[in-house]
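Q: Build me a structure from this.
(one chain, ligands or ions: 1)
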Amino acid sequence: MRPTQSPFPATRLRRTRQSPAIRALTRQNSLSVDDFIWPVFVRAGEGIEEPIPSMPGVYRRSVDKIAKAAREAADLGIKAICIFPYTGIEERTEDCAGAWDPENHANRAIRAIKAEVPELAVMTDVALDTYNINGHDGFVEDGEIVNDRTVEALVKMTLAQADAGADIIGPSDMMDGRVGAMRQALEAAGHQNVMILSYSAKYASAFYGPFRDAVGASGALTGDKKTYQMDPGNSDEALRLIERDLREGADMVMVKPGLPYLDICRRVKETFGAPTYAYQVSGEFSMIQAAAQHGWIDGEKVMMESLMAFKRAGCDGILTYFAPAAARVLNGQR
Ligand code: PBG
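A: Purely as a prediction, here's the structure:
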């Protein structure tokens, strides 16, 4: 238990803030490059690095450029990268067959990274939205996002990613029962060491807007994702989802978005003690970048402060588009 504070002047709480050395000594939490998972966007073509207007400083890259970016990330000390495919409307279908095609851009990127940067952990995204003509994470039948048929497709997608060499599977779809189905299929296929980092507590959030531009889903999406993603008013439900996913075989769990949901991160970490991650999503990133570009905030300082907030809330790591920039700051490279 905490001792009761003795009164001023016996206790001057400013004493431990008096110099950089003392502040460093008494600092409770710290940030390290080991804490980051870097989300990247891969697209068709070669030699392409195209900026995403709603995410200043973020690019869609062809497979060759992704491999190069992965090398640079590893050289900065980053330990993990997460691959999201961009698909044009012409590559999207109702049956979402591209999702489990071993030769899709995402799977080619996994193989290229594992060949060139084997020490880097590669995480994937499992959901149908980037291959679906209507932009939803599951199959749509008569206006309903159907669960069980979607889970079968997600399992095929998972196995294709594991076969390509993925280390960490990232189901972001919010269908019920997918983690258990994926875990069983991985075991049966001899992929018992492939991990699952489940997007367990994923909210139906407007903070995903820029991401949907980045993956080409903005024009495609009809309606919203409220029948599968969580209601922002809920907190206990997040714990039930995490408990369920851990029981079904998730190795790590995620809360998403990040900063607006730090209360959930704290509850999850305290309740389960499992490896807990937060996703600082596209809208959170772009708000900081936009304000910094206007000169309204110091972008670098706000970036570092926002990342520290996740550690303070109990997270073990953060998926963040800032990973390379923050790594450079931590390495003293700027
Ligand atoms: C989709 C997916 C989304 C994000 C990651 N995976 C968007 C959505 O659910 O619509 C959002 C990431 C971000 O905003 O940075 N399966």
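Q: Could I have the CA atoms of stretch 150-157 written out in PDB?
A: Extracted in PDB, the C-alpha atoms of stretch 150-157 (Å, rounded to 0.1, in the frame of the first residue of the first chain):
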ATOM      1  CA  THR A 150     -17.000 -15.500 -43.100                       C
ATOM      2  CA  VAL A 151     -15.100 -17.400 -40.500                       C
ATOM      3  CA  GLU A 152     -14.400 -20.200 -43.000                       C
ATOM      4  CA  ALA A 153     -13.000 -17.700 -45.400                       C
ATOM      5  CA  LEU A 154     -10.900 -16.100 -42.700                       C
ATOM      6  CA  VAL A 155      -9.400 -19.500 -41.900                       C
ATOM      7  CA  LYS A 156      -8.300 -19.900 -45.500                       C
ATOM      8  CA  MET A 157      -6.800 -16.500 -45.500                       C
END
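Q: buried set for it?
A: Using 16 or more other Cβ atoms under 10 Å as the burial criterion, the residues of stretch 150-157 that qualify are 150, 151, 153, 154, 155, 157. Placement of C-beta: from N, CA and C, glycine included.
Q: Next, report how far that stretch is displaced from the centre of its chain.
A: 20 Å (Cα atoms, centre = their mean, to the nearest Å).
Q: now do stretch 134-145
A: Distance, centroid of stretch 134-145 to centroid of chain: 23 Å (Cα atoms, centre = their mean).
Q: related to what we said a few turns ago, the buried residues of stretch 150-157 into JSON lines, with extra columns for secondary structure, distance to residue 290 and pLDDT?
A: Shown next, in JSON lines, are those (DSSP: H, G, I helix; E, B strand; the rest coil; distance: Cβ to Cβ, whole Å; pLDDT from 0 to 100):
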{"residue": "150", "secondary structure": "helix", "distance to residue 290": "35", "pLDDT": "98"}
{"residue": "151", "secondary structure": "helix", "distance to residue 290": "38", "pLDDT": "98"}
{"residue": "153", "secondary structure": "helix", "distance to residue 290": "36", "pLDDT": "98"}
{"residue": "154", "secondary structure": "helix", "distance to residue 290": "34", "pLDDT": "98"}
{"residue": "155", "secondary structure": "helix", "distance to residue 290": "39", "pLDDT": "98"}
{"residue": "157", "secondary structure": "helix", "distance to residue 290": "33", "pLDDT": "98"}
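Q: Report the closest residue of the stretch 1-150 of the chain relative to the ligand.
A: residue 127 (3.4 Å; Cβ to the nearest ligand atom).
Q: got a list of what that residue touches?
A: 137, 138, 154, 171, 172, 173 (Cβ atoms under 8 Å, 6 or more residues apart in numbering).
Q: Intersect the residues you listed with the contacts of the ligand.
A: 137, 172 (Cβ under 6 Å from any ligand atom).
Q: closest to residue 58 among the contacts of residue 127?
A: Checking the contacts of residue 127 against residue 58 by Cβ to Cβ gives residue 172 as the nearest, at 17.7 Å.
Q: Around that closest one, count how many other residues there are.
A: Using other Cβ atoms under 10 Å, residue 172 is surrounded by 20 other residues.
Q: Show me what from this structure comes close to the ligand.
A: Counting by Cβ under 6 Å from any ligand atom, the residues of the chain near the ligand are 125, 127, 129, 137, 172, 208, 211, 212, 225, 281, 282.
Q: Between which two of these is the distance greatest?
A: Most distant of the residues of the chain next to the ligand, by Cβ to Cβ, are 137 and 282, 15.9 Å apart.
Q: Mind checking what helix or strand follows the host helix or strand of residue 310 in sequence?
A: Using DSSP states H and E, the element containing residue 310 is helix 299-312. Next helix or strand after helix 299-312 toward the C-terminus (DSSP H and E): strand 317-320.
Q: In which helix or strand does residue 332 reside?
A: Assigned by DSSP H and E, residue 332 falls outside every helix and strand.
Q: Mind pulling the model confidence for it?
A: Per-residue confidence at residue 332 stands at 94 (pLDDT).
Q: now swap in residue 216 and tell me
A: 81.
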